[in-house]
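>>> Need coordinates for the below:
(one chain, ligands or ions: 1)
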Amino acid sequence: MMAANKFRIALIQLAVSANKQHNLQRAACLISEASKEGAKIICLPEGFNSPYGVEYFEKYQESIPGETSKMLEKAAKENYVYLIGGSFPELDSGKLYNTSLSFGPDGRLLGKHRKVHLFDIDIPGRITIRESEAMNPGNSLTIIQTDLCKIGVGICYDIRFAAMAMVYAKKGKKLLSTQ
Ligand SMILES: NC(=O)CCC(=O)C(=O)O
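A predicted model of the protein is given here:
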C-alpha cells in the first residue's frame with residue numbers, strides 16, 4: 001500500500017491540431033488513460049486546446065464557463081482526480097489572458113491562474129514572439145489545496161522567475177506545477 005504522502009502524478013503532453021474539439025477530446029482521453037494508470041494529480045500543458053502563437057489566441061479564446069472549462073470539470077469528476085488543466089486563451093471583459101483552471105475530484109473549481117510572466121522574446125533569426133501583443137498578464141499567484149499536498153500553479157515562462165516559486169514555498173506549497 002502507498003503511504004499517504006506518496007501518489008502518482010501524470011504530466012500530459014499532446015500534439016495539438018487546428019481543430020479545438022479534436023484537441024479537447026484527445027485531452028479527455030489522455031486524462032482517462034492517466035487516471036486508469038493510477039494518477040491522482042493530472043496536469044495538461046499550456047495551450048492544449050489550440051496551436052500556440054499570438055495569431056491563434058483571439059481565434060481560440062473562450063469565456064469561463066465555456067466548452068474547455070466544461071470538459072475539464074467533467075474529466076476531473078468522471079475520473080475522480082485533481083486536474084491542473086493546462087491553459088487556454090480566456091476572454092474576460094474584452095481582455096485575453098493565458099489561463100489555467102484546476103478542478104478537484106468532485107468537479108469543483110479549485111483555482112484559476114492567469115499567466116503572470118508573458119513570453120516576450122526576440123532572438124533575431126531564431127525566435128520572436130510577443131505574447132503581450134494579444135494577452136494581458138495575471139497579477140496573482142494561485143495555490144491549490146488538495147488532500148495530497150498544496151500545489152502552486154504557474155504557466156510555462158512563469159517558471160523562469162524564481163521569486164514566484166519562493167513565495168509559493170513560503171506559503172507551504174509542496175509541488176510546483178508549471179504547465
Ligand atoms: N510559452 C512560453 O511561455 C515559452 C517559455 C519558454 O519556452 C521558455 O524557455 O521559458
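>>> Tell me where this structure has helices.
20-36, 54-60, 67-79, 162-170 (DSSP state H).
>>> And the contacts of the shortest one?
Under the criterion Cβ atoms under 8 Å, 6 or more residues apart in numbering, residues 20, 49-50, 88-89, 96, 98, 129-131, 133-135 lie in contact with helix 54-60. Backbone N, C-alpha and C define where each C-beta goes, glycine included.
>>> Out of these, which two are the most distant from each other?
Spatially, the most separated pair among these is K20 and R130, at 23.3 Å (Cβ to Cβ).
>>> Looking at those two, which one has more neighbours?
Each of K20 and R130 has its neighbours counted (other Cβ atoms under 10 Å); K20 has more, 18 against 13.
>>> Is it correct that C43 is in contact with I155?
No. C43 is beyond contact range of I155, at 11.0 Å (criterion: Cβ atoms under 8 Å).
>>> Give me the common contacts of the two.
Q179.
>>> Can I get the strand ranked longest in the chain in CSV? Just the C-alpha atoms.
Secondary structure of the chain read by DSSP state E shows that its longest strand is strand 95-103. Provided in CSV are the C-alpha atoms of strand 95-103 (Å, rounded to 0.1, in the frame of the first residue of the first chain):
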residue,chain,number,x,y,z
LYS,A,95,-9.4,41.2,-22.4
LEU,A,96,-7.5,38.0,-23.2
TYR,A,97,-5.5,36.0,-20.6
ASN,A,98,-3.5,32.8,-20.7
THR,A,99,-5.5,30.9,-18.1
SER,A,100,-5.2,27.6,-16.2
LEU,A,101,-8.2,26.2,-14.4
SER,A,102,-7.7,23.5,-11.7
PHE,A,103,-10.5,21.2,-10.6
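>>> Measure how far it is from the centre of its chain, please.
Relative to its parent chain, strand 95-103 has a centroid offset of 7 Å by Cα atoms, centre = their mean, to the nearest Å.
>>> Show me what counts as buried in it.
L96, Y97, N98, T99, S100, L101, S102, F103 (16 or more other Cβ atoms under 10 Å).
>>> tell me the contacts of the fifth one?
By Cβ under 8 Å, 6+ apart, the contact list for S100 reads 46, 84-87, 112-115, 142, 153, 155, 179.
>>> Restricted to strands, list those residues.
Filtering the contacts of S100 for strands - DSSP E - leaves I84, G85, K112, H113, R114, T142, V153.
>>> Please name the residues that touch the closest residue to the first one other than its chain neighbours.
Spelled out, it's I84. In this structure, I84 finds its nearest non-sequential neighbour in C43, 4.3 Å apart by Cβ to Cβ, 6 or more residues apart in numbering. With contacts defined as Cβ under 8 Å, 6+ apart, the neighbours of C43 are I9, A10, L11, I12, L83, I84, G86, S177, Q179.
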